[in-house]
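Trainee: Need coordinates for the following:
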Amino acid sequence: MDVAELTKENECLKAANTKLCAKITFLEEQLALAFYKRFGRSSESIKGQSDLPFASELGSEAPQAEQLQKETITYERAKRGRKPLSPDLPREHLYHDIPESERICACGHELEKIGEDVSERLNVIPPKLWVEAHHYAKYACPQCDGINDDDAPAVKTAEGSPALIPGSIVTPGLVAFVWTNKFCNHQPFYRQETGFERIGTFVSRQDMSNWTIRLAEDLEPLISLIEEHIRAGPVIQMDETPVKVLKLDHTGKDGQGYMWLATGGIPDHRAVRYRFAPGRGSVHASSFLGDYSGFVQSDGYKAYDAVSRVSAWTHVGCWAHVRRKFYEAEKIAHSALTTDALGRIRKLYDLEREARERALEPEEFLEYRKQRIVPYLRDFKTWIETTMSRVLPSGKTGEAFSYAMGQWEKLERFLDHAYLTPDNNRAENAIRPFVIGRKNWLFSGNDTGAEASCRVFSLIETAKLNGKEPYAFLLSILSLLPAVRKSGVWDSLLPWNLG
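Mentor: Coordinates of the predicted model:
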């Protein structure tokens, strides 16, 4: 072979070697990321970001105030010991005294009580079961046996309170207890079945499932009101997560459906709606949002982009997902660039927090926030554009930079409305209880069961957002359900309307 052929072959080998090295780097990063997600900590905190050189680029007043606060409290010492027990808890007072024989001093005088020490301990009583035996009085005429009045029954029976489910043993307290255990405490029905046996009775998992499906369906008018309330607000935040369904009645891949979540409303009356769908396509996002015309905030999932092009609503991006990309790159391929990017995102959140702490009116807040954040984002974007050329596009760091630039237009839109925040963490926080519980119950039996779970989750998460304790809220609406079925006044069961 002549020199030209050898040179050409050498160039080909160099190109192949470069390609293989890039592939190896990519695979090593994927392996490191898989190990991190499997065994690493879930927290995304990074130490030392406050010391980065750009921390004082904008908003120098905040660091000075923070430093002043630190200087004024350096002399204080944190109180040690356990957290005091809530004063709202009932208390049983047990008194301990010295025997009379020991109340004599060595000098011969009787000791006088000068006070007492109080030590509080927490006690608990296991769940208590009892049977509500409803006795209905019956009356009949001893003279004619009712034959003189053809229009009236021979025997009159007291009506009593209507049953939650006619012919069933179920009560509002029982259902509220079962639902709180499953949807708040993540205990599947089969574990609750065992738990009931331990405290003296048998409640089958099938009964619990049937009650949930029946009552969740009865509560559909209330769920519809929650959905309408969300659509009536200026901002909707959305998220979705997979759920395994054993018997998927509609089209779906290998029995896998999705829980779609939307949260919105107004700050004082926020609501959450879970909906089950057999897939993750844009048609399901479109079905939920309908003719909505406000702002929809989500992650970078492309289904929302597809729907937004033909809808009246405005799609807003999420800075938390941008941060997550850089955080993953930081954990598996640490570099000054990823640390720098994370610090810049943190500074953005500092500016947002500073603006909200001023408690301005919406229009004033929007103006102030734009004055502070728009120049910062402009510099941030310039930094990304000039930095991207220095990183490998196929690596995690390059992926993070590409994701940020691909989402940039949507990432800036949170500045357009006072209710918008830099991220859709409210939606992620609302969907997290389902994700945690899914690790325990693993799957839903069918579409009907999955949708029933959606309705109960919607009620519980909406109650939590409005400061209601889940068990007490469920007990209230289930106790009122028989009457509301007749009256049709479903808005009386909304958490902000309940006393």
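Trainee: Tell me, how many residues neighbour the closest residue to Glu120 other than its chain neighbours?
Mentor: Nearest residue to Glu120, sequence neighbours excluded (CB to CB, 6 or more residues apart in numbering): Leu85, at 5.3 Å. Where C-beta positions appear, they are placed from N, C-alpha and C, glycine not excepted. By the measure other CB atoms under 10 Å, the count of residues near Leu85 is 11.
Trainee: dump the residue contacts of Gly437.
Mentor: Residues counted as contacts of Gly437 (CB atoms under 8 Å, 6 or more residues apart in numbering) are Lys182, Phe183, His186.
Trainee: ok, now with 7 Å
Mentor: Phe183, His186 (CB atoms under 7 Å, 6 or more residues apart in numbering).
Trainee: what separates it from Val456, distance-wise?
Mentor: 11 Å (CB to CB, to the nearest Å).
Trainee: what sits in contact with each of these two?
Mentor: Phe183.
Trainee: that older thread, doesn't the residue nearest to Glu120 fall inside a strand?
Mentor: No - under DSSP: H, G, I helix; E, B strand; the rest coil, Leu85 sits outside any strand and is assigned coil.
Trainee: Would you agree it is in contact with Ser119?
Mentor: No - taking contacts as CB atoms under 7 Å, Leu85 lies outside contact range of Ser119: 11.0 Å.
Trainee: gap between the two ends of stretch 269-283?
Mentor: End-to-end distance for stretch 269-283, by CA to CA, to the nearest Å: 28 Å.
Trainee: Just give me the neighbour total for Asp299.
Mentor: When neighbours are counted by other CB under 10 Å, Asp299 registers 19.
Trainee: Quickly find the element holding the closest residue to it other than its chain neighbours.
Mentor: Leaving aside its sequence neighbours, Asp299 sits nearest to His321 (CB to CB, 6+ apart; 4.7 Å). Using DSSP states H and E, His321 sits in helix 319-332.
Trainee: Just the mean pLDDT for the helix or strand that comes right after that helix, thanks.
Mentor: Downstream of helix 319-332, the first helix or strand assigned by DSSP H and E is helix 336-357. The average of the pLDDT scores along helix 336-357 is 94.
Trainee: and the angle for the very next helix or strand once past helix 336-357 with helix 336-357?
Mentor: As assigned by DSSP H and E, the chain's next helix or strand after helix 336-357 is helix 362-387. For helix 362-387 against helix 336-357, the angle between stretch directions is 170 degrees (axes from the mean of the first three to the mean of the last three CA atoms, to 10 degrees).
Trainee: now helix 362-387: how far from the chain's centre is it?
Mentor: Its chain's average C-alpha position is 29 Å from that of helix 362-387, according to CA atoms, centre = their mean, to the nearest Å.
Trainee: Then stretch 297-304?
Mentor: Centre to centre, stretch against its chain (CA atoms, centre = their mean), the figure for stretch 297-304 is 18 Å.
Trainee: Kindly check the end-to-end length of it for me.
Mentor: From its first residue to its last, stretch 297-304 covers 9 Å (CA to CA).
Trainee: And for that stretch, what's in contact with it?
Mentor: Here stretch 297-304 makes contact (CB under 7 Å, 6+ apart) with 235, 237-239, 280-282, 285, 296, 315-318, 321, 403, 407, 420, 424.
Trainee: Narrow the residues you listed to those in helices?
Mentor: Those of the contacts of stretch 297-304 mapping onto helices are Ser282, Ala285, His321, Tyr403, Gln407, per DSSP state H.
Trainee: separation between the last one and Arg485?
Mentor: Taken as CB to CB, the spacing of Gln407 relative to Arg485 amounts to 47 Å.
Trainee: Would you mind telling me which of these two has more residues around it?
Mentor: Set Gln407 next to Arg485 and count neighbours by other CB under 10 Å: Gln407 wins out with 20 against 13.
Trainee: For Thr241, see how far away the more buried one is.
Mentor: 20 Å.
Trainee: Distance of Ser287 relative to Glu227?
Mentor: Looking at Ser287 against Glu227, where the rule is CB to CB, the gap reads 12 Å.
Trainee: May I have the distance across stretch 381-399, first residue to last?
Mentor: End-to-end distance for stretch 381-399, by CA to CA: 16 Å.
Trainee: List the buried residues in it.
Mentor: Using 16 or more other CB atoms under 10 Å as the burial criterion, the residues of stretch 381-399 that qualify are Ile384, Met388, Val391, Gly395, Lys396, Thr397, Gly398, Glu399.
Trainee: Kindly list the main-chain dihedrals of the third one?
Mentor: Right, the one you point to is Val391. Torsion angles at Val391 (phi, psi; degrees, to the nearest 10) stand at phi -120, psi 150.
Trainee: Adjust the sequence numbering to begin at 492 for everything that follows.
Mentor: Sure, I'll start counting at 492 from here, so that last one is Val882.
Trainee: Assess the claim that it and Thr888 are in contact.
Mentor: Yes - in this structure, Val882 is within contact of Thr888 by CB under 7 Å, at 4.7 Å.
Trainee: Touching both of these two, which residues are there?
Mentor: Leu828.
Trainee: picking that back up, okay, the ones in helices among the contacts of stretch 788-795 in CSV with distance to Lys738 and pLDDT next?
Mentor: Listed next are those as CSV, based on distance: CB to CB, whole Å; pLDDT from 0 to 100:
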residue, distance to Lys738, pLDDT
Ser773, 25, 89
Ala776, 25, 89
His812, 33, 93
Tyr894, 37, 93
Gln898, 38, 93
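Trainee: Which one (most neighbours) among the residues you listed?
Mentor: Ala776 (23 neighbours).
Trainee: Name all residues that make contact with that one.
Mentor: By CB under 7 Å, 6+ apart, the contact list for Ala776 reads Ala794, Tyr795, Val798.
Trainee: quick one: pLDDT of the last one?
Mentor: With respect to pLDDT, Val798 has a value of 90.
Trainee: would you say it is within a helix?
Mentor: Yes - assessed with three-state DSSP, Val798 lies in a helix.
Trainee: Turn the buried residues of stretch 872-890 into a markdown table, columns for distance to Trp932.
Mentor: Formatted as a markdown table, the buried residues of stretch 872-890 follow (distance: CB to CB, whole Å):
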| residue | distance to Trp932 |
| --- | --- |
| Ile875 | 42 |
| Met879 | 44 |
| Val882 | 42 |
| Gly886 | 38 |
| Lys887 | 33 |
| Thr888 | 38 |
| Gly889 | 39 |
| Glu890 | 34 |
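Trainee: can those residues go into a markdown table with extra columns for distance to Ser967 and pLDDT?
Mentor: A markdown table is the format used below for the buried residues of stretch 872-890 (distance: CB to CB, whole Å; pLDDT from 0 to 100):
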| residue | distance to Ser967 | pLDDT |
| --- | --- | --- |
| Ile875 | 51 | 93 |
| Met879 | 55 | 86 |
| Val882 | 55 | 82 |
| Gly886 | 54 | 81 |
| Lys887 | 49 | 84 |
| Thr888 | 52 | 88 |
| Gly889 | 53 | 89 |
| Glu890 | 48 | 90 |
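Trainee: where does the stretch 492-641 of the chain dip in pLDDT?
Mentor: Along the stretch 492-641 of the chain, segments meeting pLDDT under 70 span 492, 517, 519-521, 523-524, 526-571, 636-641.
Trainee: all strands of it, in order?
Mentor: For the stretch 492-641 of the chain, applying DSSP state E, counting those that start in this stretch gives strands covering 629-631.
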